[in-house]
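Undergrad: Dropping a prediction and its sequence here:
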Amino acid sequence: MESWVVRDEIGAFYMLHPQPDLILFLRLDDTKVMTIFAARTYVNLGSSCSEAVAAIRRWLGGIPDATRETPSFEYPLGSVLHQFPKGPMVRGEWVSMDLVNAYAKIYGGGQKAIAIVGEANRMRLDADPQGNPDNMLVELSMVIANTPFNFWQSVFDNACRKSPRMVGALLFVMDDELLPRQARQDRVKLINEMRKMWLTR
């Protein structure tokens, strides 16, 4: 679970196919699991290999299996953001209109929207608690809020100017199952583009 290459591949699959039973993890030891994968389905290999093989076969056949588990442990909330660099700024054109419009329709531009941004800010701060909040977080005082679409367009614009990790926080606090198909695809593309930013620093 610690290889970023493997994590990227799993992450991309998960974001396209978030249903729990489409990914089966094999528990080899007590290594903690990232928050984004904590609700996935697991088979514990700590007991008997033959039992694990049988469980895998049942999973492939779509047969419910009581031996599978959902782990209760996870990494700290913000650590999922470390797959992105702290900078530079994210290109605004990477944030699609479909994605912004989806946030506007789901969360509006009122108190619920403000609460979601606050949760994203908390996630960003948890990722780098020693950082300067003034340089890290979305500033709601700078957000244009005359319509829900303008609110979220302004929020993403502000986040893009801060860092890939701030944009990532906005993406990960969203329940991706609520997103329409195109917005979900755009979300995956944006995440992958920000991961590539490690190569251009």
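TA: That came in fine, so what should we check first? No experiment lies behind these values; they were computed from the predicted model shown.
Undergrad: Please save the CA atoms from stretch 134-151 in CSV.
TA: Backbone C-alpha positions of stretch 134-151 (Å, rounded to 0.1, in the frame of the first residue of the first chain) are rendered in CSV as follows:
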residue,chain,number,x,y,z
ASP,A,134,-2.9,32.4,5.2
ASN,A,135,-0.9,30.8,2.4
MET,A,136,-2.7,27.4,2.4
LEU,A,137,-6.5,27.8,2.8
VAL,A,138,-9.4,29.0,0.7
GLU,A,139,-10.3,32.5,1.9
LEU,A,140,-14.0,32.8,2.0
SER,A,141,-13.8,36.6,2.3
MET,A,142,-12.4,36.6,-1.3
VAL,A,143,-15.2,34.3,-2.7
ILE,A,144,-17.8,35.7,-5.0
ALA,A,145,-21.2,34.4,-3.7
ASN,A,146,-23.9,36.0,-5.8
THR,A,147,-24.9,32.6,-7.4
PRO,A,148,-24.0,29.0,-6.4
PHE,A,149,-22.0,28.6,-9.7
ASN,A,150,-20.0,31.8,-9.1
PHE,A,151,-19.4,30.7,-5.5
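Undergrad: Need the mean per-residue confidence for it.
TA: Averaged across stretch 134-151, pLDDT comes to 93.
Undergrad: quick one, domains of the protein?
TA: 4-75, 79-200 (automatic domain parsing).
Undergrad: Now the weakest link among those, please, by mean pLDDT.
TA: Of all the domains of the chain, domain 4-75 carries the lowest average pLDDT, namely a mean of 56.
Undergrad: Would you mind measuring the gap between the ends of stretch 159-177?
TA: Terminal residues of stretch 159-177 lie 22 Å apart, using C-alpha to C-alpha, to the nearest Å.
Undergrad: Which residues belonging to it are considered buried?
TA: 159-174, 176 (16 or more other C-beta atoms under 10 Å). Every C-beta, even on glycine, is put in place using the N, C-alpha and C of the backbone.
Undergrad: The residues you listed in helices, which ones?
TA: Residues of the buried residues of stretch 159-177 located in helices (DSSP state H): 159-162, 164-172.
Undergrad: measure Ser163 to Val90 for me?
TA: 7 Å (C-beta to C-beta, to the nearest Å).
Undergrad: what residues do these two have in common as contacts?
TA: Shared contacts of Ser163 and Val90 (C-beta atoms under 8 Å, 6 or more residues apart in numbering): none.
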